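A.B. asks: Sequence plus predicted model, see below.
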Amino acid sequence: MPMRFRKIHGAGNDFILFTNPEPRDDAAWAKEAERLCARRTGVGADGLVVSRVTDDRPSVYEVRCFNADGSIATMCGNALRCAAWAAQHDDGLNVKRRLRLRMAGVMHEAVVDPASVWVTAQVNSIQPRVLQTVINGQPTWFDSVHTGTEHVVAVVSDVDAIATETVGRAVRYHDNVAPLGTNVNFVQPLGGRSLKIRTYERGVEAETLSCGSGAVAAVVAATMRGLVPKGEATVHNRAGEPLTVRPHERQPNRAAWVGGPVTYTFEGVLA
Ligand SMILES: N[C@H](CCC[C@H](N)C(=O)O)C(=O)O
């Protein structure tokens, strides 16, 4: 059977998406992720996503996300946004509806609008000042915010001045976050309800252009530090396609919505 895939990105965070493929185990998908995500010798992507519609009624999509290195992401906001867009697209674009998607055992809601796709992210444990490092001569604290996956957030005065990959990699392997490691976010308040962000992603082991769960973690940390007012905030990323984060209406302290554009780039068939 030829394997069809879609190449799709959520605000610059790009994925190879398989919809209802032939069953394979996680180890086989992990290998495929490593092979296909390679920028030179594969398709090139930050991750590989497998989306399957389940028999549950109303329908639930089971979404598995593998990072470019083959590791499993327990949460990926942008992958969920891409999978929700594709599910809606496959059903005809005209009906706006709520979808339910399960990733690593956690149920997420999604809303697909013409201009933006929204999904929910959990806001789990928050630990202020989990580790400290020196950035450009400045001792800098990182708060940890678990949004379904591990994130740390540092507030800095100029994100553009940061050697994201060098500092990100050092923090990602810091003893205080071992053995799991963490995704690493650098955040600059822009005034009002806006933040500027750069993210080093574990599993991609590089800076990505945007990160949904990282944007949520950044807004939670910045709100906790009083740098943005409570409520909705806009997170400007490397892609120039901002994500918006807003507290969930039913559980504002436990979950958030993250929304922004999704772009379907091309489809292909594996050789
Ligand atoms: N980019 C993703 C997060 C990926 C998390 C992954 N790097 C991991 O921790 O395994 C997002 O949009 O939420």
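C.D. replies: Perfect, thanks for sending it.
A.B. asks: Any regions of the stretch 51-200 of the chain where pLDDT drops low?
C.D. replies: Residues of the stretch 51-200 of the chain that meet the criterion pLDDT under 70 lie in 93-96.
A.B. asks: could you dump stretch 31-41 to CSV, C-alpha only?
C.D. replies: Output of stretch 31-41 as CSV, limited to C-alpha atoms (Å, rounded to 0.1, in the frame of the first residue of the first chain):
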residue,chain,number,x,y,z
LYS,A,31,12.1,4.9,13.3
GLU,A,32,10.0,6.4,10.5
ALA,A,33,10.0,9.7,12.4
GLU,A,34,13.8,9.8,12.5
ARG,A,35,14.1,8.9,8.9
LEU,A,36,11.4,11.2,7.5
CYS,A,37,11.9,14.2,9.7
ALA,A,38,15.6,14.5,8.5
ARG,A,39,15.9,17.9,6.7
ARG,A,40,18.3,16.7,4.0
THR,A,41,17.6,13.0,3.5
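A.B. asks: does any bit of it sit next to the ligand?
C.D. replies: No - applying CB under 6 Å from any ligand atom, one finds stretch 31-41 out of contact with the ligand, separated by at least 11.5 Å. Every residue, glycine included, has its C-beta placed from N, CA and C.
A.B. asks: list the buried ones in that stretch?
C.D. replies: Judged by neighbour count using 16 or more other CB atoms under 10 Å, the buried positions of stretch 31-41 are 32-34, 36-37.
A.B. asks: swap in stretch 84-98?
C.D. replies: By neighbour count, with 16+ other CB under 10 Å as the criterion, the buried positions of stretch 84-98 are 84-88.
A.B. asks: domains for the chain, by residue range?
C.D. replies: 4-120+261-269, 126-258 (automatic domain parsing).
A.B. asks: How are the helices of the stretch 51-200 of the chain distributed by residue range?
C.D. replies: The residue ranges that make up the helices of the stretch 51-200 of the chain, judged by DSSP state H, counting those that start in this stretch, are 77-90, 164-172.
A.B. asks: For the residue nearest to Ala115 when sequence neighbours are not counted, list the residues it contacts.
C.D. replies: Taking CB to CB, 6 or more residues apart in numbering as the measure, Ala115 lies nearest to Pro261, with 7.1 Å between them; neighbours along the chain are not counted. Neighbouring residues of Pro261 by CB atoms under 8 Å, 6 or more residues apart in numbering: 10-11, 115-117, 241.
A.B. asks: Many thanks, have a good one.
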